[in-house]
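Q: this one's sequence-less:
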């Protein structure tokens, strides 16, 4: 795959261009992230980028080590509520600063580094992949309700890889035994991306874009053209996730 740090920066630039083109009143519109406006989504992205560059500042401790009584979703909702109300121009500038700083920070880490992130430490490359996944998903939350084009690119291959790579974690969260699953996914340009062992008894095939949206919980498997064959493929689609919460 292309260098993940280059692709993270490229995804930031594309989101940057979309946000810069929004009218001030569009920032107050509801997003597809339930209960959040467009501004809230961008604030959330800025806050979580800040955690990467400064894991000891602000609400980082609560985010990286959530209390057992509160979910990660609850923590990020509190973080957004605490800072809601920034003017769009200021919020865009804050997101820009945090996004590109986070990308530079991740790229600069030496081999073997492990960085704190929510439930478990991640390598800089894996954390960069999760940031592509989150920014891509939240870009959909903004673009879809506003009717703004945000076509899929080859960068979603990182997201599909992440969803497949974390299937053992997803199975464990749901109390299911780990099982090998092979994925043969059609990329936006019509080529095929494959993940896993072709000899696995369970297989998922179909559009990579829909696979990624299922992992982001923006579509259910039933809303897609994905097919699940074998003893564990349907469960894999049901528990699929592009994130670690």
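A: It's in. Note that the structure is a prediction, hence the values are computed from the model and not measured.
Q: Mind telling me what element the closest residue in space to residue 9 that isn't next to it in sequence is part of?
A: Computed as Cβ to Cβ, 6 or more residues apart in numbering, the closest residue to residue 9 that is not its neighbour in sequence is residue 103, at 4.9 Å. For glycine as for every other residue, the C-beta is placed from the backbone atoms N, C-alpha and C. Assigned by DSSP states H and E, residue 103 belongs to helix 88-108.
Q: Pull out the buried residues from the very next helix or strand once past that helix.
A: Per DSSP H and E, the first helix or strand lying C-terminal to helix 88-108 is helix 124-146. Neighbour counts over helix 124-146 (16 or more other Cβ atoms under 10 Å) mark 124-143, 146 as buried.
Q: what's downstream of helix 124-146, the next helix or strand?
A: The helix or strand immediately downstream of helix 124-146 is helix 156-165, counting by DSSP H and E.
Q: Kindly spell out which helices and strands sit in contact with that following helix.
A: helix 124-146, strand 181-186, strand 192-195, helix 208-215 (3 or more Cβ pairs under 8 Å, 6 or more residues apart in numbering; DSSP states H and E).
Q: let's see 7 Å
A: helix 124-146, strand 192-195, helix 208-215 (3 or more Cβ pairs under 7 Å, 6 or more residues apart in numbering; DSSP states H and E).
Q: How far does it sit from its chain's centre?
A: 10 Å (Cα atoms, centre = their mean, to the nearest Å).
Q: Could you list the domains of this structure?
A: Here the chain is described, according to the TED database, as comprising the domains 4-146, 155-239.
Q: okay, and for this structure, where does confidence drop off?
A: Along the chain, the model assigns pLDDT under 70 to residues 1-2, 56-62, 65-70, 244-245.
Q: Using the centroid of it, identify the residue furthest from it.
A: residue 199 (28.9 Å; Cα atoms, centre = their mean).
Q: Need the three-state assignment for that residue.
A: Counting by DSSP: H, G, I helix; E, B strand; the rest coil, the backbone at residue 199 sits in coil.
Q: Could you pull up phi and psi at it?
A: phi -90, psi 0 (degrees, to the nearest 10).
Q: Equivalent analysis for the one 3 residues further on, please.
A: For residue 202, the backbone dihedrals (degrees, to the nearest 10) come out as phi -110, psi 140.
Q: So what's the residue count around it?
A: A count of nearby residues for residue 202, using other Cβ atoms under 10 Å, gives 19.
Q: so what's the closest residue to it other than its chain neighbours up against?
A: Excluding its sequence neighbours, the residue lying closest to residue 202 (Cβ to Cβ, 6+ apart) is residue 230, at 3.4 Å. Residues in contact with residue 230 (Cβ atoms under 7 Å, 6 or more residues apart in numbering) are 201, 202, 203.
Q: Isn't residue 50 up against residue 98?
A: Yes. The pair residue 50 / residue 98 is scored as a contact, 5.0 Å apart, by Cβ atoms under 7 Å.
Q: So residue 41 sits against residue 34, correct?
A: No. Residue 41 lies out of contact with residue 34 (Cβ under 7 Å); the separation is 11.0 Å.
Q: Of those two, which one has the most company?
A: residue 41 (22 against 7).
Q: That one falls within a strand, correct?
A: No. Applying three-state DSSP, one finds residue 41 to be helix, outside a strand.
Q: for it, what are its contacts?
A: Residue 41 makes contact with 31, 33, 138, 141, 142, according to Cβ under 7 Å, 6+ apart.
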